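Colleague: predicted model follows, preceded by the sequence.
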Amino acid sequence: MKARLESTIAIIGFVAGMALTTPAARASTSYYQQFGGESGMHSLVNDFVNRVTSDPRIDFYFAHTNIPALKAALATQFCMLEGGGCKFDMSMKSVHQGLNITQAAFNALANDLNITMDEHDIPVAAQNNLLAKLAAMESQVVTK
Ligand code: HEM
């Protein structure tokens with residue numbers, strides 16, 4: 001009887017362990033952790049915005065932008081999108097209205113993000129998750 005109880009406990013322990021270590025379980029914990037949490041995300045956004053603002057394909061869009069404020073807003077938005085628990089509800093349509101953003105400019109910015117995420121060794125699933133969420137906002141940002 002004792003042996004049977006012990007083996008039942010061992011099986012439950014094994015199954016629980018499996019559940020916690022499957023890729024799906026780890027992903028659902030939080031993509032934010034895969035971005036390195038708060039410090040990792042700030043570092044990523046810092047390098048991403050630096051890349052964007054020195055990219056001749058799109059740098060002119062940011063000529064009159066308050067860069068530290070943009071970095072702070074993006075870090076909060078990406079934290080919210082990746083399950084880090086931040087609150088962000090700014091309308092992307094109103095923020096980008098009148099900026100005449102083209103499809104090519106949108107693609108260039110996504111490309112800059114891709115390169116920066118690779119440089120930061122962000123796991124591919126987490127990268128794809130963020131890119132998919134940005135792609136879903138395309139129609140609110142691209143107006144030209
Ligand atoms: C899905 C893609 C994008 C997201 C999620 C996004 C997000 C943001 C955020 C959060 C802000 C800061 C708003 C604020 O604090 O006032 C911002 C501002 C800005 N974005 Fe984007 N953006 C995207 C695409 C683009 C693209 C493709 C361009 C141009 C190439 C662009 C150009 C700008 C500019 C110039 C500002 C500053 C506007 C100002 O100073 O009033 N954005 N964006």
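Modeller: That came through fine. Being a predicted model, the structure only gives us computed values, none of them experimental. Numbers count the residues shown, from 1 in each chain.

Colleague: what residues does the chain have near the ligand?
Modeller: Within the chain, the positions adjacent to the ligand are 58, 61-62, 65, 69-70, 73-74, 77, 90, 92, 95-96, 99, 101, 105-106, 109, 134, 137, 141 by Cβ under 6 Å from any ligand atom. (C-beta placed from N, C-alpha, C; glycine too.)

Colleague: can you give me the buried ones in stretch 88-105?
Modeller: Residues of stretch 88-105 classed as buried: 96, 101, 105 (neighbour count, 16 or more other Cβ atoms under 10 Å).

Colleague: pLDDT weak spots in this protein?
Modeller: Along the chain, the model assigns pLDDT under 70 to residues 1-29.

Colleague: what distance do you get for the residue nearest the centre of it to R57?
Modeller: Centre of the chain computed as the mean C-alpha position; nearest residue by Cα atoms, centre = their mean is L130, 3.8 Å away. As judged by Cβ to Cβ, to the nearest Å, L130 and R57 stand 20 Å apart.

Colleague: then N66?
Modeller: Separation of N66 from R57 (Cβ to Cβ) stands at 21 Å.

Colleague: so which of these two has more stuff around it?
Modeller: Remark: of N66 and R57, R57 carries more neighbours, 14 against 10, as counted by other Cβ atoms under 10 Å.

Colleague: count of neighbours near the residue lying closest to the more buried one once chain neighbours are set aside?
Modeller: Nearest residue to R57 in three dimensions, chain neighbours excluded: A108, at 4.2 Å (Cβ to Cβ, 6 or more residues apart in numbering). For A108, the tally of surrounding residues (other Cβ under 10 Å) stands at 18.

Colleague: wait, A108 touches D59, no?
Modeller: No - between A108 and D59 there is no contact under Cβ atoms under 8 Å: 9.9 Å.

Colleague: would you map the helices across the protein?
Modeller: Along the chain, counting by DSSP state H, helices occupy 2-21, 23-29, 31-34, 37-52, 67-81, 92-96, 103-119, 124-135, 138-141.
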